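1. Could you look at this predicted model? Sequence included:
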Amino acid sequence: MALLDLFDMAGFAPIKTSPIPAVNVATVPQRSPLRYPGGKTWLIPHIRAWLKGFRAKPRLLIEPFAGGGIVSLTAVMEDLVQRCLMVELDHDVAAFWHAALRFGPTMKELVLGFNPTRDAIVALAASQPCGIVDHGFRTLVLNRTRRGGILAPGAALSRAGENGRGVASRWYPQTIAHRLDEIDRHAKRISFCETDGLQLLESLLGCSNSRTAIFIDPPYTAGGKRAGKRLYAHNEVNHPGLFSILADSKQDFLMTYDYAPEIVALIDKHGFSVVQVTMKNTHHAKVPELIISRRPLFGEEASR
Ligand SMILES: C[S@@+](CC[C@H](N)C(=O)[O-])C[C@H]1O[C@@H](n2cnc3c(N)ncnc32)[C@H](O)[C@@H]1O
């Protein structure tokens with residue numbers, strides 16, 4: 001069934017397609033050392049257009065569900081914002097960001113010195129990390145050697161891997177080291193906080209200003225969808241609560257969701273703007289993603 005039929009059945013106005021297509025991820029600089037399931041590299045042209053549209057360059061970009069952090073990293077490295085604040089609840093992912101931002105050169109040495117045999121990876125997975133660098137490095141290795149980059153409980157090691165190279169098929173030491181170098185170079189402008197993004201957002205929104213931008217990419221679990229549950233250890237998000245927090249503030253935000261009637265209802269309830277972008281998922285199926293904002297950003301006023 002076509003997407004527009006779904007919207008008509010749910011009784012909502014059709015959602016306009018963004019004039020900016022989802023970009024082929026190979027054409028965008030990859031800046032995160034993590035391979036992130038649900039990563040937003042494809043969205044980068046929208047992010048650039050949104051942030052360049054501010055009257056003055058945003059002083060702060062807040063990313064309350066940071067994951068691989070591709071949006072924050074791009075915004076700082078391309079000088080689209082002055083600083084960013086990345087927030088993530090997953091303790092392992094948080095350890096990676098603490099280590100990368102505070103101990104970049106040591107992390108780089110560990111990456112260049114690691115021999116990613118199956119035995120070494122299994123031993124690392126079973127180990128209890130001592131200290132933030134050990135922990136962050138363990139996260140990085142497991143992320144790059146597990147199938148789909150999935151760190152959630154139950155994730156398996158890659159088997160055949162890319163080009164039959166086995167577990168190490170996504171372990172590119174020079175590339176990862178280069179990305180760590182770039183993060184280290186910009187670390188003074190990147191803050192990271194391990195906490196609940198929703199709570200942090202609620203407390204920050206009261207005191208932020210027109211030069212704060214918020215990018216929100218929560219786990220996709222609205223309407224009982226399972227993708228977010230399988231991919232992330234932390235996946236319970238109060239979606240109506242998130243929409244209400246945003247509606248109660250005046251803050252400029254960009255938020256992504258996959259299509260779920262519950263989300264379309266929340267968009268309508270709060271009078272937010274929305275466009276859709278067609279994405280190819282990991283199984284090469286075409287799926288719609290929603291890009292939601294407070295004000296029309298991508299020509300959506302024509303249809304809603
Ligand atoms: C869709 S992913 C973000 C992907 C990211 N935009 C990227 O491009 O790499 C959602 C992330 O939110 C995290 N998360 C889930 N609940 C959270 C919460 N309450 N506070 C902060 N982070 C949370 C998950 O661990 C996951 O890393």
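-> Thanks, I have the structure now.
2. ok, residue 87 touching residue 69?
-> No. Residue 87 is beyond contact range of residue 69, at 10.0 Å (criterion: CB atoms under 8 Å). Heads up, the C-betas are built off the backbone N, CA and C, glycines and all.
3. who's more crowded, those two?
-> residue 69 (28 against 24; other CB atoms under 10 Å).
4. Can you tell me which residues in the protein are near the ligand?
-> Contacts of the chain with the ligand, taken as CB under 6 Å from any ligand atom, map to 36, 38-40, 64-65, 67-68, 70, 87-90, 93, 196-198, 217-219, 232, 234-235, 237.
5. Now intersect the residues you listed with the strands, please.
-> 87-88 (DSSP state E).
6. just to revisit the earlier point, shared neighbours of residue 87 and residue 69, which are they?
-> Residues touching both residue 87 and residue 69 by CB atoms under 8 Å, 6 or more residues apart in numbering: residue 63.
7. re the thing from before, please pick the buried ones from the residues of the chain next to the ligand.
-> 36, 38-40, 64-65, 67-68, 70, 87-90, 93, 197-198, 217-219, 232, 234-235, 237 (16 or more other CB atoms under 10 Å).
8. Got the phi and psi for residue 238?
-> When read as degrees, to the nearest 10, the backbone of residue 238 gives phi -80, psi 90.
9. Just confirm it contacts residue 198, I think it does.
-> Yes. Under the criterion of CB under 8 Å, residue 238 makes contact with residue 198 at 6.6 Å.
10. Below-threshold pLDDT in the stretch 201-304 of the chain: ranges please.
-> For the stretch 201-304 of the chain, the stretches with pLDDT under 70 are 208, 222-230, 282, 300-304.
11. Go again with 80.
-> By pLDDT under 80, the weakly predicted segments of the stretch 201-304 of the chain are 206-210, 220-233, 280-285, 299-304.
12. all helices of it, in order?
-> Here the stretch 201-304 of the chain has its helices, by DSSP state H, counting those that start in this stretch, at 227-231, 239-248, 261-270.
13. Tell me which of those lies nearest to residue 213.
-> helix 239-248 (12.5 Å; CB to CB).
14. In CSV, list the C-alpha atoms belonging to that closest one.
-> Provided in CSV are the C-alpha atoms of helix 239-248 (Å, rounded to 0.1, in the frame of the first residue of the first chain):
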residue,chain,number,x,y,z
HIS,A,239,7.0,10.0,22.7
PRO,A,240,3.9,12.2,23.6
GLY,A,241,6.0,13.7,26.4
LEU,A,242,8.8,14.6,24.0
PHE,A,243,6.4,16.3,21.7
SER,A,244,4.8,18.2,24.6
ILE,A,245,8.2,19.4,25.9
LEU,A,246,9.0,20.7,22.5
ALA,A,247,5.6,22.3,22.1
ASP,A,248,5.9,24.1,25.4
